[in-house]
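Peer 1: the following comprises the amino acid sequence and a computationally predicted model.
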Amino acid sequence: MARKRFKIDIERSPVVVFWDGGMESDERMTNIGRASRILLSILLSALGAYGPRVSWAGERPNLLLITIDTLRADRLGCYGADSPATPRIDELARRGRLFSRAFANASTTLASHADILLGLTPNAHGVHENLNFVVSGELLTLAEYLKSSGYATGAFVGAYPLDSRFGLSQGFDTYDDHYDRNHRENYAALERRAEDVVGPALEWLKGRRSPWFLWVHCWDPHIPYDPPEPFRTRYKGHPYEGEVAYVDAALGKVFDHLKENGLGDSTLVVLTGDHGESLGQHGEKTHGFFAYNSTLRVPLIFAGPGLAPGLATDYVSHVDIFPTICDLLGVAKPRSLQGLSLLPSLEGRALPERPIYFESLYPYYSRGWAPLKGLIFGKAKFIESPVPELYDLERDFDELENLAGLRKTDELKSRLAGLIGAQTPSRRVDAAERGDRETRERLASLGYVSNSHVSRKKTFGVQDDVKTLLPYLNKADRGWQLYLEGRTEAAVALLRQVIAERAMIDQAYKNLADIYRDQGRVVEAVSVLERGLAALPSSYDLFVEYTKALIAARRYGQVISAFESARLMETEFDPGVWNNLGAAYAGAGRFEEAIKAYEMALALDARLPEANNNLANACLSLGLKTGDDALLAKCLEFYKRAIALDPGYPAPYHGLGHAYSEQGNLGGAIACWEQALEADPDFDPALFDLAAAYLDLGEKAKAFERLDGFARRNASRLSPREKTELDALLQRSRR
């Protein structure tokens with residue numbers, strides 16, 4: 001198919017923008033619009049662009065961007081750390097420019113990476129935390145911009161918060177987010193180790209012609225801290241440091257590849273963290289709540305030929321990376337960027353002083369706590385919250401002495417408001433608009449699209465301040481730990497105390513409900529979660545837990561009613577909650593509606609093993625009920641997909657065995673049930689089906705072996721009726 005080609009020369013930067021003339025009209029216009037936005041951005045930037053002072057010989061340089069999740073700068077040797085050992089990153093810093101005072105503009109993964117790859121603050125791009133926002137297709141990413149300048153683009157990411165469905169894949173020829181799905185884990189917790197990111201990234205580089213842009217993201221230092229050997233043993237008692245050391249070693253393979261393939265002299269390397277980790281400072285265990293330097297300060301290193309090594313002490317931030325890269329690669333900067341090129345500093349010259357915006361809004365969006373925003377200006381740091389904070393970073397970088405009570409903060413508060421206003425476009429970008437056209441049409445066909453979302457609180461007091469509420473969240477975590485230690489009564493008492501004293505702590509309701517569910521007290525679990533939702537109607541986590549508890553209680557009608565009346569935007573675009581809705585419909589015997597719900601879940605994320613298995617179950621049930629052979633064929637397809645996605649998941653083997661049994665393929669059924677038990681020896685449904693099949697075939701010894709093992713493991717927890725039935729089966733297998 002012929003392609004229409006636009007070419008425009010901008011200084012030394014040829015830019016090519018393509019659109020395919022053969023697409024449907026509305027899709028064509030969408031792509032023309034995207035091409036036009038890129039082209040217009042380039043044209044506008046050229047009008048006021050100044051030429052970079054760093055020059056490159058020969059071809060346009062390559063770009064390697066490395067982001068390490070949850071990385072504290074002070075845990076790297078090049079930033080003064082004695083431990084852990086980070087020799088490969090330290091070597092990069094020795095031959096590059098290290099910024100000692102670099103800050104994230106946000107405290108969560110997706111928002112920070114949006115800052116980096118868009119060159120905009122959250123005020124402009126609208127992404128304020130993980131999972132509940134999507135980068136708008138209207139915005140120009142670094143990958144799109146460099147692709148329009150002839151770069152091949154590849155990204156390899158380590159965890160679900162950067163999944164392609166959240167929008168940062170825009171402009172990448174390859175966007176590798178292929179971490180394994182696992183039925184035992186919440187999909188939002190999916191991750192893969194650094195070496196499993198680096199391996200595919202190096203495969204992508206093999207034989208690739210310049211220029212290219214490669215983004216490598218390593219998740220490992222994020223909680224839970226679980227470094228592989230030998231780092232687990234080497235850093236025993238300090239697993240976070242072990243994770244950092246492990247990532248350093250894994251990235252060494254990338255640096256070696258550049259050197260061994262002669263790419264070191266033609267590649268600009270930029271390394272940073274998305275945010276830090278509190279590790280208990282200020283009472284914060286991890287990150288995402290406060291905005292102290294323990295979580296906002298990040299490493300930032302630029303290295304490449306033509307860049308003089310050294311230390312830069314300027315105060316800089318993530319949004320400065322995009323414009324700096326443009327100058328260093330010799331491409332004009334889009335005028336939309338809100339950061340400042342660091343080229344003067346890289347050349348040893350001072351940067352102009354300007355305010356740096358930051359925020360930490362995860363508690364606001366997920367829990368309804370007071371928002372936390374602030375700015376750094378003139379080595380002063382102002383944090384706006386119901387209990388305002390002011391720190392002198394020159395003499396108190398660890399923020400131990402709050403000066404807000406000693407100095408007037410009105411001017412800083414006004415400056416912050418002005419900064420937010422200047423960074424916020426007149427037409428706000430809706431990063432909460434989660435679906436593309438196909439998704440929204442599918443939702444509309446099911447009758448679930450709603451523009452009515454829960455309203456958020458506008459005014460806040462000291463009781464809503466993160467500093468007031470986080471200690472109670474820590475108590476809720478302690479309650480769960482007590483339960484894991486076997487101190488159930490103490491755990492329940494502490495969680496009830498937290499709820500009585502602070503109704504805004506969602507984790508207290510969740511942990512208490514989980515304890516009740518573990519104990520089989522499902523009705524009490526439902527009651528606790530209902531109380532939590534009454535106090536926190538905007539808590540999506542509580543809503544999901546509530547639907548799970550209702551399903552466990554077999555109150556399927558209530559699940560369906562709760563979903564239909566929900567006013568949380570996430571319910572429309574979360575594959576997990578659609579999977580739960582499908583389970584409720586299936587439990588109620590409404591298999592056609594269950595199939596639609598499962599299909600919606602898979603439209604949002606086709607790689608969920610549970611949704612594939614559950615869709616297969618619903619198709620099998622409805623196919624048997626109606627005699628529809630097409631549904632029976634469909635169930636086979638989705639059972640096999642679930643197995644391919646997660647070979648350690650026993651349920652789809654079990655279901656596939658039933659499907660084969662219905663077709664008269666008893667041998668195939670037995671093989672599947674055996675595989676289910678290989679995946680999980682305690683998966684009792686497959687064990688009983690297998691024993692029954694062996695009895696039908698007259699292979700009593702095999703049946704007895706399976707049943708006897710089950711009896712030994714479970715004798716103490718069987719009801720009298722179950723024990724009687726088991727004894728009867730054992731008798732049959734002995735005859």
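Peer 2: Sure thing, it's come through.
Peer 1: any idea how far Glu191 is from the residue positioned nearest the centre of the chain?
Peer 2: Taking Cα atoms, centre = their mean, the centroid of the chain lies closest to Pro161, which sits 1.2 Å from it. As for Pro161, its distance to Glu191 is 9 Å (criterion: Cβ to Cβ, to the nearest Å). Any C-beta I mention is one placed from the backbone N, CA and C, and that applies to glycine too.
Peer 1: surely the residue nearest to the centre of the chain is within a helix?
Peer 2: Yes. Judged by DSSP: H, G, I helix; E, B strand; the rest coil, Pro161 forms part of a helix.
Peer 1: and the strands in the stretch 101-250 of the chain?
Peer 2: With DSSP state E, counting those that start in this stretch as the definition, the stretch 101-250 of the chain shows strands at residue ranges 152-156, 174-176, 212-218.
Peer 1: of all those, which one comes closest to Gly587?
Peer 2: strand 174-176 (36.6 Å; Cβ to Cβ).
Peer 1: sketch out the low-pLDDT regions of the protein for me.
Peer 2: The model of the chain has pLDDT under 70 over residues 1-58, 184-188, 430, 432-455, 569, 735.
Peer 1: domain parsing for it?
Peer 2: As assigned by automatic domain parsing, the chain contains the domains 1-48, 63-423, 465-573.
Peer 1: could you dump these into TSV and include distance to Asn579?
Peer 2: Output for these, formatted as TSV (distance: least, Cβ to Cβ, whole Å):
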stretch	distance to Asn579
domain 1-48	29
domain 63-423	9
domain 465-573	10
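Peer 1: tell me which of those lies nearest to Ala642.
Peer 2: domain 63-423 (8.4 Å).
Peer 1: quick one, what contacts the residue nearest to the centre of the chain?
Peer 2: 108-110, 130-131, 188 (Cβ atoms under 8 Å, 6 or more residues apart in numbering).
Peer 1: between the residues you listed, which sits nearest Leu400?
Peer 2: For these, the nearest to Leu400 is Thr108 (24.5 Å; Cβ to Cβ).
Peer 1: what's in contact with stretch 631-640?
Peer 2: Applying Cβ under 8 Å, 6+ apart, the external contacts of stretch 631-640 come out as 612-613, 615-617, 619-620, 622-624, 652-653, 655-656, 659, 662-663.
Peer 1: emit the ChimeraX select command for whichever of those are buried.
Peer 2: The buried subset of the contacts of stretch 631-640, as determined by 16 or more other Cβ atoms under 10 Å, is captured in ChimeraX by this line:
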select :612,613,615,616,617,619,620,622,623,624,652,653,655,656,659
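Peer 1: related to what we said a few turns ago, TSV for the contacts of Pro161, including neighbour count?
Peer 2: Converted to TSV, these look like this (neighbours: other Cβ atoms under 10 Å):
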residue	neighbour count
Thr108	27
Thr109	28
Leu110	26
Asn130	22
Leu131	21
Ala188	13
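Peer 1: of those residues, closest to Arg721?
Peer 2: Of all the contacts of Pro161, Ala188 has the smallest distance to Arg721: 39.8 Å, by Cβ to Cβ.
Peer 1: any common contacting residues for Pro161 and Glu191?
Peer 2: Here Pro161 and Glu191 have no joint contacts, going by Cβ under 8 Å, 6+ apart.
Peer 1: so for Phe683, which of the domains of the chain sits nearest?
Peer 2: With Cβ to Cβ as the criterion, Phe683 lies closest to domain 63-423 of the domains of the chain, at 11.6 Å.
Peer 1: measure the closest one end to end?
Peer 2: Start and end residues of domain 63-423 are separated by 28 Å (Cα to Cα, to the nearest Å).
Peer 1: ok, now stretch 219-238?
Peer 2: Across stretch 219-238, the terminal residues are separated by 17 Å (Cα to Cα).
Peer 1: and if you look at stretch 583-594?
Peer 2: Note: stretch 583-594 ends 7 Å apart using Cα to Cα.
Peer 1: pull out the buried residues from it.
Peer 2: In stretch 583-594, counting by 16+ other Cβ under 10 Å, buried: 583-588, 590-591, 593-594.
Peer 1: could those go into CSV alongside secondary structure?
Peer 2: Converted to CSV, those look like this (three-state DSSP):
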residue, secondary structure
Ala583, helix
Ala584, helix
Tyr585, helix
Ala586, helix
Gly587, helix
Ala588, coil
Arg590, coil
Phe591, helix
Glu593, helix
Ala594, helix
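Peer 1: same list (those) but as TSV, adding distance to Ala370.
Peer 2: As requested, the buried residues of stretch 583-594 are exported to TSV (distance: Cβ to Cβ, whole Å):
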residue	distance to Ala370
Ala583	36
Ala584	35
Tyr585	39
Ala586	41
Gly587	40
Ala588	41
Arg590	43
Phe591	46
Glu593	41
Ala594	41
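Peer 1: and these, which is closest to Asp90?
Peer 2: Of all the buried residues of stretch 583-594, Asp90 sits closest to Ala583, with 50.7 Å by Cβ to Cβ.
Peer 1: so who does that closest one touch?
Peer 2: The contact partners of Ala583, taken as Cβ under 8 Å, 6+ apart, are 551, 559, 594, 614.
Peer 1: report the contact partners of the third one.
Peer 2: Contacts of Ala594 were listed using Cβ under 8 Å, 6+ apart, and they are 582-583, 585-586, 614, 618.
Peer 1: distance to Asp173 added to those, as a markdown table?
Peer 2: Below are the contacts of Ala594 laid out as a markdown table (distance: Cβ to Cβ, whole Å):
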| residue | distance to Asp173 |
| --- | --- |
| Gly582 | 35 |
| Ala583 | 38 |
| Tyr585 | 40 |
| Ala586 | 40 |
| Asn614 | 34 |
| Ala618 | 37 |
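Peer 1: coming back round to it: out of the strands of the stretch 101-250 of the chain, which is closest to Asn402?
Peer 2: Smallest distance to Asn402 across those (Cβ to Cβ): 34.5 Å, for strand 212-218.
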